[in-house]
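Peer 1: Based on what follows, work out the 3D shape:
(one chain, ligands or ions: 2)
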Amino acid sequence: MAYNDVYGSWKADPERFWMQAAEAIDWVAKPSRALFADNAPLYEWFVDGQVNTCWNAVDRHVEAGHGDRVAIIHDSPVTHTRHEITYAELQARVASLAGALRAKGIGKGDRVIIYMPMVPEALEAMLACARLGAIHSVVFGGFAAHELAVRIDDAQPRAIIAASCGIEPGRVVHYKPLLDAAIEQAAHKPDFCVIFQREQEVAQLIEGRDHDWHAFQYGVAPADCVAVEGNHPAYILYTSGTTGQPKGVVRPTAGHLVALHWTMRAIYDVGPGDVFWAASDVGWVVGHSYICYAPLIAGCTTIVFEGKPVGTPDAGTFWRVIAEHKVRSFFTAPTAFRAIKREDPEGKLVRDYDLSSLRALYLAGERADPDTVKWAEAQLGVPVIDHWWQTETGWAIAANPLGIEKLPVKIGSPSVPMPGYDVQVLDEGGHPVAPGTLGAIAVKLPLPPGTLPGLWNAEARFRKSYLEHFPGYYETGDAGYIDEDGYLYIMARTDDVINVAGHRLSTGGMEEVLANHPDVAECAVIGVADALKGQLPLGLLCLNKGSNRPHEEVVKDCVRLVREQIGPVAAFKLAVVVDRLPKTRSGKILRGTMVKIADGEAFKMPATIDDPAILDEIAAALKTLGYPAAAG
Ligand code: COA
Ligand code: AMP
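Peer 2: Ligands and ions are numbered 1, 2, ... in the order given. Predicted coordinates:
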């Protein structure tokens, strides 16, 4: 079947399309129907089905006689180790961990925070929660204690599962002290913690609260899978919004299973026994969907890679992993390719490896710039597929569905909408615009299975953030256009979210941290273009009248504060003191205009600007930081 037929068959009868897709899932009780629209515009899928995620990702493959197949390969250049876990081993390990959690009182609906690096135990912890119907919330290791504390207070976990440490090139990340500090800061306290001790750094356990990962599993009975309702939350994943308070995206169990399974063949063109690799981190949505759940649900082998595209040990690492493990489909962020291209522009290291297993490269997480796409195509000789999605959707809104039909690639476009997504570009008044015209990208409701039904304990925020601006639509927060052939182009965010090395960050959250500095009266954080990371945050600081601290000291403090409060992943290293910030007459800071100045782009003087002379002052200040940067 061709893409048009598949998309058309969904459009003609969505109910039939998704009920058919649901047949690939093992149900304890089959759902009577797909869509539940009783609370529109809040929609749910497969609500009256009974199902378990861990059964579908692990046990059913063992039951079907594939227990010897490798489920997970841990490839860790930072610890110089590699090992494999079969489906049968994974089942035993997860059932044991779930049994130990259950013995400590964890059951259906309890929240469990997971704070772990790229080790298979992170996936095992996720699956153990899923086995019990407990709701996990994985927190990325590059966030600081404060961010972890905010998530603890929001999710109110009964337990936290953490590793003793993570390993970044050149330094050990001390997870345990970060965890202890976060629990100290949070108002909510978990009943207990489980610590996976790594040999690179063994952490001190707090008597009565902390349990050793191995010891606490001793002698417990393994747990069976607990069936849950289709709309039971599988997990909560926090993502950046416009403020420092992250949004807790809820993932519903049944829709997640059905949609992810469908994507593996249709989009990634893989099936049982194929090796699939997403080089991301379990802390992000790509890690949830495509390191952990989807490959396992589809019976593939997934790779947990603990390293970086460069420096572990060199820019050939990705090629080594693909060659050694015979990866068929590979998924990463464009920034990783930019990092490799910078170190090995001629792709000399590519030639050292046999990459004949590789069928396609998938890019997402940020805009795939044409230079990077062309370079990757030339080096690897396989289709380079840009696809567009968000934490909120959990799977691709737009892609080139290789498993259905390879559509012509248009560089700069993530191609066409996937079944389930009726994507439209709207003007400010909510009316669809003509092809080629820029506007807000929205998806006609309902969103398909697997996408967020809401935010954790924040229905009003969910409605306000996504549903109210364009009634009848989901507002993506991205702006762009659709061309005459129906291809989508994603151009920019419409809010204060920036994308740094494929990581979604809130400039509003950074401003909240800077505003707490005693010398800072007012500030703005903008995202400026960066050749490696796509964007970098840059702070403009106005100091209090009485402040006589040297500016360099205040800047240094501010850089330290963001690192301490948000974490190293914010990559906040650029800040400058200015006298005034440009504003409209109604007092709105003109961030967009400052971005244009920093990026060296032409801009129209905003008609409502209070005092145009301030822009010259801003340009002079940005120049001291080297912006606009030299081309390239
Ligand atoms: N735990 C602790 N710290 C982490 C971390 C983690 N899991 N991940 C990143 N950090 C730290 C880094 O060590 C770095 O700290 P530093 O300021 O002390 O150097 C900081 O956070 C910024 O990290 P990053 O943005 O990753 O920059 P980098 O310079 O270390 O590496 C790239 C640059 C391009 C190689 C890297 O960003 C990369 O591999 N990106 C791929 C992105 C990706 O997979 N995104 C997921 C969405 S698909
Ligand atoms: P996240 O929720 O972290 O996955 O970030 C989602 C955001 O990243 C989207 O709203 C886009 O702004 C951006 N993004 C993700 N994939 C793409 C892509 N293929 N092209 C352009 N932007 C993308």
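
Peer 1: going forward, measure contacts between C-alpha atoms and count neighbours the same way
Peer 2: Noted.

Peer 1: nearest spatial neighbour of the residue of the stretch 151-300 of the chain found nearest ligand 1, skipping sequence neighbours?
Peer 2: Taking CA to the nearest ligand atom as the measure, the stretch 151-300 of the chain has Ser280 as its residue closest to ligand 1, at 3.8 Å. Closest residue to Ser280 apart from its sequence neighbours, by CA to CA, 6 or more residues apart in numbering: Gly287 at 5.7 Å.

Peer 1: Backbone dihedrals for the one you found, please?
Peer 2: Here is the backbone geometry of Gly287 (degrees, to the nearest 10): phi -70, psi -40.

Peer 1: got the contact list for it?
Peer 2: 278, 280-281 (CA atoms under 8 Å, 6 or more residues apart in numbering).

Peer 1: Pro432: neighbour count?
Peer 2: For Pro432, the count of nearby residues is 16 (other CA atoms under 10 Å).

Peer 1: residue contacts, the nearest residue to it once chain neighbours are set aside?
Peer 2: Nearest residue to Pro432, sequence neighbours excluded (CA to CA, 6+ apart): Leu426, at 4.4 Å. Residues in contact with Leu426 (CA under 8 Å, 6+ apart) are 432-433, 439-442.

Peer 1: So what sits opposite whichever residue of the stretch 501-632 of the chain sits closest to ligand 2 in the bridge?
Peer 2: Of all residues in the stretch 501-632 of the chain, Arg504 sits closest to ligand 2, at 4.5 Å by CA to the nearest ligand atom. Arg504 forms beta bridges with Asn499, as assigned by DSSP bridges.

Peer 1: Kindly report the residues of the protein close to ligand 2.
Peer 2: By CA under 6 Å from any ligand atom, the residues of the chain that approach ligand 2 are 364-368, 386-391, 414, 478, 490, 493, 503-504.

Peer 1: Surely Trp10 is within a strand?
Peer 2: No: in this structure, Trp10 is helix, not part of a strand, as judged by DSSP: H, G, I helix; E, B strand; the rest coil.

Peer 1: what's the burial count for it?
Peer 2: Using other CA under 10 Å, Trp10 has 18 neighbouring residues.

Peer 1: Touching, it and Gly420? I think so.
Peer 2: Yes: contact criterion CA atoms under 8 Å: Trp10 and Gly420 qualify, at 6.9 Å.

Peer 1: picking that back up, which SS state does the residue of the stretch 151-300 of the chain closest to ligand 1 fall under?
Peer 2: coil.

Peer 1: still on that earlier bit, can you tell me who the residue nearest to Pro432 pairs with across the strands?
Peer 2: With DSSP bridges as the criterion, Leu426 is bridged to Pro432, Ala440.

Peer 1: Most distant residue from the centre of this protein?
Peer 2: No residue in the chain sits farther from the centre than Gly546, which is 42.4 Å out by CA atoms, centre = their mean.

Peer 1: so how far is Glu617 from that one?
Peer 2: Here the criterion is CA to CA, to the nearest Å. By it, Gly546 lies 21 Å from Glu617.

Peer 1: what sits against the residue nearest to His256 when sequence neighbours are not counted?
Peer 2: Distances taken as CA to CA, 6+ apart put Gly450 closest to His256, at 3.9 Å, once the chain neighbours are dropped. By CA under 8 Å, 6+ apart, the contact list for Gly450 reads 251-260, 393-395.

Peer 1: Buried members of these into PyMOL, please.
Peer 2: Burial among the contacts of Gly450 is assessed by 16 or more other CA atoms under 10 Å; the matching PyMOL selection reads:
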select buried, resi 251+252+253+254+255+256+257+258+259+260+393+394+395
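
Peer 1: where does the residue nearest to Ala2 when sequence neighbours are not counted land in three-state SS?
Peer 2: Setting aside the residues directly before and after it, Ala2 is nearest to Glu405 in space (CA to CA, 6+ apart), at 5.6 Å. Assigned with three-state DSSP, Glu405 falls in the coil class.

Peer 1: Helices of the stretch 151-300 of the chain, start to end?
Peer 2: Along the stretch 151-300 of the chain, counting by DSSP state H, counting those that start in this stretch, helices occupy 175-185, 253-266, 285-287, 294-297.

Peer 1: Quick check: what element follows the last one along the chain?
Peer 2: Once the chain leaves helix 294-297, the next helix or strand it forms, by DSSP states H and E, is strand 301-305.

Peer 1: and that next one, C-alpha only, in PDB?
Peer 2: What follows is strand 301-305, C-alpha atoms only, in PDB (Å, rounded to 0.1, in the frame of the first residue of the first chain):
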ATOM      1  CA  THR A 301      17.000  -5.600  19.800                       C
ATOM      2  CA  THR A 302      17.600  -2.100  21.300                       C
ATOM      3  CA  ILE A 303      20.900  -0.500  22.000                       C
ATOM      4  CA  VAL A 304      21.600   1.500  25.200                       C
ATOM      5  CA  PHE A 305      24.600   3.600  24.300                       C
END
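
Peer 1: The following helix or strand past that strand and ligand 1, any residue contact?
Peer 2: Proceeding N to C from strand 301-305, the next assigned helix or strand is helix 317-325, under DSSP H and E. No: using CA under 6 Å from any ligand atom, helix 317-325 stays clear of ligand 1, coming no nearer than 10.8 Å.

Peer 1: buried residues in helix 317-325?
Peer 2: Buried, per 16+ other CA under 10 Å, within helix 317-325: 317-323, 325.

Peer 1: hmm, the next helix or strand after that helix touching ligand 1?
Peer 2: The C-terminal neighbour of helix 317-325 among helices and strands, as given by DSSP H and E, is strand 329-332. Yes: interface with ligand 1: strand 329-332 contributes Thr332 (CA under 6 Å from any ligand atom).

Peer 1: circling back: what's the most distant pair in the contacts of Leu426?
Peer 2: The span of the contacts of Leu426, defined through CA to CA, is set by Val433 and Ala442 at 11.6 Å.

Peer 1: The two: who's more crowded?
Peer 2: Ala442 (25 against 16).

Peer 1: just the residues of the chain next to ligand 2 that are near ligand 1?
Peer 2: 364-365, 503.

Peer 1: what does the average pLDDT come to for stretch 317-330?
Peer 2: The predicted model assigns stretch 317-330 a mean pLDDT of 98.

Peer 1: Can you give the distance from it to the centre of its chain?
Peer 2: Chain-centre distance of stretch 317-330: 22 Å, with CA atoms, centre = their mean, to the nearest Å.

Peer 1: now do stretch 42-62
Peer 2: 22 Å.

Peer 1: so how far does that stretch reach from one end to the other?
Peer 2: Span of stretch 42-62 from end to end, CA to CA: 37 Å.

Peer 1: Distance check, the spatially closest residue to Ala100 that is not a sequence neighbour against Ala98.
Peer 2: What sits nearest to Ala100 in space, not counting adjacent residues and going by CA to CA, 6+ apart, is Gln217, at 5.1 Å. Using CA to CA, Gln217 is found at 9 Å from Ala98.
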